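please find the sequence and the predicted model below.
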Amino acid sequence: MKNILVTGGAGYIGSHICKVFYNSGFTPIAFDNLSTGNKWSVKWGELEVGDLNNNDRLTEVFEKYKFLGVVHLAALSNVEQSCNNPILYYKNNLLGSYNLLENMTKFKVDKLIFSSTAAVYGNPVYSPIDERHPTNPINPYGETKLAVEKLISHVSKTNNINFISLRYFNVAGCDFSYEIGEAHDPETHIIPLALNAAHNNSVFNIYGSDYSTNDGTCIRDYIHVMDLSEAHLLGFKSLLKKQSNYLINVGGSKGASVLEIIQKIKKITKTDFKTQLKERRVGDPDELIAKIEKSKQILNWTPKNSSIEKIIIDAWGWYKRYNKI
Ligand SMILES: NC(=O)c1ccc[n+]([C@@H]2O[C@H](COP(=O)([O-])OP(=O)(O)OC[C@H]3O[C@@H](n4cnc5c(N)ncnc54)[C@H](O)[C@@H]3O)[C@@H](O)[C@H]2O)c1
């Protein structure tokens, strides 16, 4: 019995996790309402279409399979949308997680990896950010993720569930053989947006050039989606061996500025698209960089493919394949 429930398994990151778990001998069962995910990206294991907020449908899936554990990615994650529609975000992300934990308890499934985010930290008070950094989210999306972390932590104590919450920094890149990759509509992430500008020779917007960084643009930490997927696998295997609960950062532990990303994309795609400076966006900190000592210690994990060049080369390979260029 090696079935793993992967909520959000038809999404960008979830589909990569399904591939990595499948290749390691597990059978991923993707549970997804396809609101932002894609049916075509479920190539390893099974797809069960359903919504976490439909508790009867979720229970049906728990009755059909015997699960060894759960990787819980299903969530809405557009920061701007969360500010405009917080009820939608709390309902989808928090209530959905509540239903999941209720079913896990009922069916005695006791291992959980949760997709959390660096957005739980809010504006950094020091950098790089370790897991002891204060949590003070600055948008409803980050609040819902922090609330789910707390919910899981409370429920784990009373309902015998062991968990690892992985706090992702910026996830990018794709599967090394370009079978799956990032395909959001609308897209909000910098690398696919800049690749789009490179391909269409369109203008790329840079939001703010007066941050306290070397070149004035924001610095972010990027993690290759295959490194991230490996961290999930190692986390899950550690839950199989010992009963423990952790909150762990997963990032590349290096920063790249918006201008650096643009320069590298121009070089790799051999293009020279135009950029235009726009006003800063509210709530964008100068720099977000992960300290990843804990993941090294607990999971024996380090990112091997998260140089910004490797991430862009892979994202471009996928972009060309997906758009048939
Ligand atoms: N992409 C990043 O850089 C990043 C960074 C930090 C954290 N995360 C977290 O990682 C997870 C996956 O992100 P992603 O980029 O792959 O997003 P995604 O939108 O591609 O994937 C999310 C998946 O969840 C599904 N889903 C959403 N609500 C659901 C519900 N109620 N019931 C069933 N399915 C539902 C969607 O259809 C989609 O397939 C999210 O929880 C997100 O918050 C992502």
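It's in.

for residue 248, what are its contacts?
Residue 248 is in contact with 131, 164-167, 231, 235, 294-295, 298-299, counting by C-beta atoms under 8 Å, 6 or more residues apart in numbering. Every C-beta, even on glycine, is put in place using the N, C-alpha and C of the backbone.

and these near the ligand, which?
By C-beta under 6 Å from any ligand atom, no member of the contacts of residue 248 lies near the ligand.

leaving out chain neighbours, which residue sits closest to residue 76?
Distance criterion C-beta to C-beta, 6 or more residues apart in numbering; nearest residue to residue 76, sequence neighbours excluded, is residue 92 at 5.0 Å.

pull the contacting residues for the one you found.
Counting by C-beta under 8 Å, 6+ apart, residue 92 has contacts 52-53, 75-76.

near the ligand, from these?
Near the ligand, by the rule C-beta under 6 Å from any ligand atom, you find 52-53, 75-76 out of those.

going through those, which ones are buried?
Buried members of these, counted by 16 or more other C-beta atoms under 10 Å: 52, 75-76.

save the residues you listed as TSV, and put in secondary structure and pLDDT too.
Below are those laid out as TSV (DSSP: H, G, I helix; E, B strand; the rest coil; pLDDT from 0 to 100):
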residue	secondary structure	pLDDT
52	coil	98
75	coil	98
76	coil	97
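
for the residues you listed, give me TSV that also has distance to residue 192.
As requested, those are arranged in TSV below (distance: C-beta to C-beta, whole Å):
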residue	distance to residue 192
52	26
75	19
76	18
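
ok, so of those, who is nearest residue 3?
Using C-beta to C-beta, residue 52 comes nearest to residue 3 of those, at 17.6 Å.

so does stretch 240-247 get close to the ligand?
No. Using C-beta under 6 Å from any ligand atom, stretch 240-247 stays clear of the ligand, with a minimum separation of 13.6 Å.

tell me which parts of the stretch 51-200 of the chain are close to the ligand?
51-53, 73-77, 92, 96, 115, 117, 168, 170-171, 184.

what does the model give the most far-flung residue of the chain relative to its centre for pLDDT?
When each C-alpha in the chain is compared with the mean C-alpha position (C-alpha atoms, centre = their mean), residue 272 comes out farthest, at 29.7 Å. Residue 272 carries a pLDDT value of 97.

what's the answer for the one 5 residues further on, then?
On the pLDDT scale, residue 277 is placed at 95.

for residue 1, same thing?
What the model reports for residue 1 is a pLDDT of 69.

ok, now residue 284?
In the prediction, the pLDDT value recorded for residue 284 is 84.

number of nearby residues for it?
Neighbourhood size, residue 284 [other C-beta atoms under 10 Å]: 15.

next secondary structure after the lengthiest helix in the chain?
Ranked by number of residues, the top helix in the chain under DSSP state H is helix 140-159. Using DSSP states H and E, the helix or strand that follows helix 140-159 in sequence is strand 162-168.

could you identify the helix or strand that succeeds that following strand?
Using DSSP H and E, the helix or strand that directly follows strand 162-168 along the chain is strand 170-172.

in whichever helix or strand comes after that next one, which residues are buried?
As assigned by DSSP H and E, the chain's next helix or strand after strand 170-172 is helix 190-200. For helix 190-200, the neighbour count (16+ other C-beta under 10 Å) marks 190-195, 197-199 as buried.

from the contacts of residue 248, which is closest to the ligand?
Proximity of the contacts of residue 248 to the ligand (C-beta to the nearest ligand atom) peaks at residue 167, which lies at 7.7 Å.

just give me the neighbour total for the closest one.
There are 26 residues near residue 167, going by other C-beta under 10 Å.

for it, which residues are in contact?
Residue 167 makes contacts with 116-118, 120-121, 131, 247-250, 290, as judged by C-beta under 8 Å, 6+ apart.

thinking again about what came up before, and of the buried ones among the ones next to the ligand among the contacts of residue 92, the nearest to residue 279?
Nearest member of these to residue 279, counting by C-beta to C-beta, is residue 76, at 25.6 Å.

ok, the residue nearest to residue 76 to residue 75 distance?
Applying C-beta to C-beta, to the nearest Å, the value for residue 92 to residue 75 is 7 Å.

could you dump the contacts of residue 92 to CSV with distance to residue 217?
Formatted as CSV, those follow (distance: C-beta to C-beta, whole Å):
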residue, distance to residue 217
52, 37
53, 39
75, 28
76, 27
